[in-house]
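A.B. asks: coords below, sequence missing:
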């Protein structure tokens, strides 16, 4: 189930706010957590597994046009810096 499929009860909105949690974290919890009888919990093992995946993603780039994945590759250091610089410059405009 994706975050976009979950509706927030008034109670959940209130509790997320009180506990300093953002609704965007819910998707992460759902993605990496362990299913329990009545919910999902994030364990140390879940964190370790997610860290390994994130490390493998470092430096990877995907190109998307509309809703279509065009390509995916490992961005080399120089082009990666150029892409990041261009993005920062565009954000400043």
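C.D. replies: Sure thing, it's come through. Quick caveat: nothing in here was measured; it's all calculated off a predicted structure.
A.B. asks: and the residue most central in space within the chain, what element?
C.D. replies: In the chain, the centroid-proximal residue (Cα atoms, centre = their mean) is residue 28; its distance is 6.3 Å. Using DSSP states H and E, residue 28 sits within helix 23-32.
A.B. asks: buried set for that helix?
C.D. replies: Within helix 23-32, the residues scored as buried using 16 or more other Cβ atoms under 10 Å are 26, 30, 32. In this view, the C-beta of every residue, glycine as well, is placed from N, C-alpha and C.
A.B. asks: what packs against that helix?
C.D. replies: Applying 3 or more Cβ pairs under 8 Å, 6 or more residues apart in numbering; DSSP states H and E, one finds that helix 23-32 makes contact with helix 44-57.
A.B. asks: so for the helix it packs on, mean pLDDT?
C.D. replies: Confidence for helix 44-57, expressed as mean pLDDT, is 96.
A.B. asks: and the angle from it to helix 23-32?
C.D. replies: If you take axes from the mean of the first three to the mean of the last three Cα atoms, to 10 degrees, helix 44-57 sits at 100 degrees to helix 23-32.
A.B. asks: under a three-state scheme, what state does residue 61 occupy?
C.D. replies: Of the three states, residue 61 takes strand under DSSP: H, G, I helix; E, B strand; the rest coil.
A.B. asks: sorry, back to before: would you list the buried residues of helix 23-32 in TSV and tack on distance to residue 86?
C.D. replies: Formatted as TSV, those follow (distance: Cβ to Cβ, whole Å):
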residue	distance to residue 86
26	32
30	33
32	32
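A.B. asks: any weak-confidence spans in the protein?
C.D. replies: The model of the chain has pLDDT under 70 over residues 1-4, 77-80, 92-93.
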